[in-house]
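Q: Coordinates for the following, if possible.
(2 chains)
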Amino acid sequence: MHNISRLIVIGGSWGGIQASMRILEGLPADYPIPIVLVLHRLRNQEGSLQELFEKKLVLKAVEVDDKAPLEAGHVYIAPANYHVLLEKDHTFSLDDSELENYSRPSIDVTFTSAADAFGKNTVGILLSGASKDGSSGLKYIFDKRGTAIVQHPGEAEISTMPLAAIHSTPGCSILNVERIQAYLLTLHGH
Amino acid sequence: MKPEQDELFELEVEALIKEIHTQYGYDFSGYARASVYRRIKRFLGQKHLQSIEDLRKFLFTDSFFFENFLQEITVNVTEMFRDPTFYKSLRENVLPILSTYPFIKVWDAGCSTGEELFSLAILLEEEGLLGRTKIYATDINQKVLRQAKEGIFSASNMTAYTAAYYAAGGNRDFADYYTSNYGSVKFNSSLVRNVVFYPHNLATDSSFNEFHLIVCRNVLIYFNRALQDKVYQLFDESLVDLGYLALGKKETLAMSGISDTYNFVDKNNRIYRKNS
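A: Presented below is the predicted three-dimensional model:
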């Protein structure tokens, strides 16, 4: 078992790449909590997202390999055409079963599985997007007493995803990206 | 679910896995748990069952119901020419070497409903190797093996498959490989004239032949690391020296016990070659 006690999972669709980039740009290389990023994209698209994040972040951006262990200082990007699941031993399992919410990777799948593995130590963040994927997963995190955060719909490029999440999880925190980043920085050092 | 309920669910699943092994001989103990839980919850939802207890009643009294369960728990989602760059790489980097053998043996492990098998057969055909290649197509699931043998796929996927075929370096008229009929297409049975279809359970069965190429893509992701390692040993025993092992794009030998004796032929597409 690795020395990892919390997990941050971030989901987004249209507008989610830019929003997640702005949040993650401000995090230092020694950020102690692993971050899993699930962004919708075109099917069969190759690893360009990873290159994009690798260029802009001081954190290490990698695409998830099956059974890779979670490590601090890493941003794990869900690969095209796979669902990303978390195991209780803090490793990843990939899954290429049916699409969920017309998506693979699906945000709901990762959020749910993250909450099963990390319980109240899960931080779920749902960003801009033109899909309702992620809203039931965020509720699942919230119901397990994890932290549920939604990008402010007024700031999101497309508000469908944040609005669906606010509807499913009325108790979530609604923050703009600066506040989300500031919150994540407060977790640094825990 | 509350934490206690989760714990109960997980204990019930463990008991169920043991019972299935005893009753039907299928061993799911080495399957990756996150995925098993998800598949079972999904199955309960589909069948409108409230609990594992309800599921048990049907599973152990109705073998047709069990077949259906097996079908759902073992993921059978597949497509033709998935990751076209993989097939292109196989065509350019592996088949020219295999062509130097007088007789070629390929194992398509976990062939599911046959989309990958027909893609491989088309590749071999176009490189002039199909006539002297024997492909062993295996799966745990007898029902999907029968489907694979038929080579009948839904016509609705053919636009995507055709595009993937060309992206994989195909340069013939893809429609020549199949005949269309009322929303489905049937691939030419001559493509599988040298294929042996064979039920094989990677979790429990042993090595049965020696191969020049083993293709096992996105099958082992459903296993835990210990079982993966066992299967990699099985593949190692089943490969000739300098044989090739092709995994899914996000699978790796790096954490396995055989990684030292394998080198990348194509890192991006996870094609490995065994040392001599």
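Q: mind checking pLDDT for residue B:28?
A: Note on residue B:28: pLDDT of 95.
Q: For chain A, what lies in contact range of chain B?
A: A:44, A:46, A:63-67, A:79, A:81-82, A:85-88, A:91, A:93-98, A:109, A:112-113, A:116-117, A:119, A:144 (CB under 8 Å from any CB of the partner chain). Every residue, glycine included, has its C-beta placed from N, CA and C.
Q: low-confidence ranges in chain A?
A: Along chain A, the model assigns pLDDT under 70 to residues A:1-2, A:42-47, A:189-190.
Q: All the helices of it, in order from the start?
A: A:16-25, A:48-56, A:107-118, A:135-143, A:160-168, A:177-186 (DSSP state H).
Q: what sits up against the last one?
A: To tie it back to what came earlier, the one meant is helix A:177-186. A:8, A:19, A:22-23, A:26-27, A:31, A:33, A:123, A:125, A:127, A:149, A:151, A:155, A:175 (CB atoms under 8 Å, 6 or more residues apart in numbering or on different chains).
Q: could you redo the last one with a cut-off of 10 Å?
A: The contact list for helix A:177-186, computed with CB atoms under 10 Å, 6 or more residues apart in numbering or on different chains, reads A:8, A:10, A:18-28, A:31, A:33, A:35, A:123, A:125, A:127-128, A:147, A:149-152, A:155-156, A:173, A:175-176.
Q: could you list every residue that touches the residue nearest the centre of chain B?
A: For chain B, residue B:110 is the residue whose C-alpha lies nearest the centre (CA atoms, centre = their mean; 2.8 Å). Counting by CB under 10 Å, 6+ apart, residue B:110 touches B:74-76, B:78, B:116, B:137-141, B:144, B:200, B:202, B:215-220, B:222, B:231.
Q: which strands and helices sit next to whichever strand or helix holds residue B:240?
A: If you go by DSSP states H and E, residue B:240 is part of strand B:239-247. Taking 3 or more CB pairs under 10 Å, 6 or more residues apart in numbering or on different chains; DSSP states H and E as contact, the helices and strands that strand B:239-247 lies on are helix B:84-89, helix B:95-98, strand B:104-109, strand B:211-216, helix B:225-238, strand B:262-266, strand B:271-274.
Q: If you count contacts, what does the first one end up packed against?
A: Counting contacts by 3+ CB pairs under 10 Å, 6+ apart, helix B:84-89 packs against helix B:115-126, helix B:158-167, strand B:239-247, strand B:262-266.
Q: in the next helix or strand after the longest one, what's buried?
A: In this case it means helix B:115-126. The element immediately downstream of helix B:115-126 (helix or strand, assigned by DSSP H and E) is strand B:133-139. Neighbour counts using 16 or more other CB atoms under 10 Å in any protein chain shown place B:133, B:135, B:136, B:137, B:138, B:139 of strand B:133-139 among the buried residues.
Q: Looking at these, spot the one nearest chain A.
A: Chain A has its nearest neighbour among the buried residues of strand B:133-139 in residue B:139, at 15.3 Å by CB to the nearest CB.
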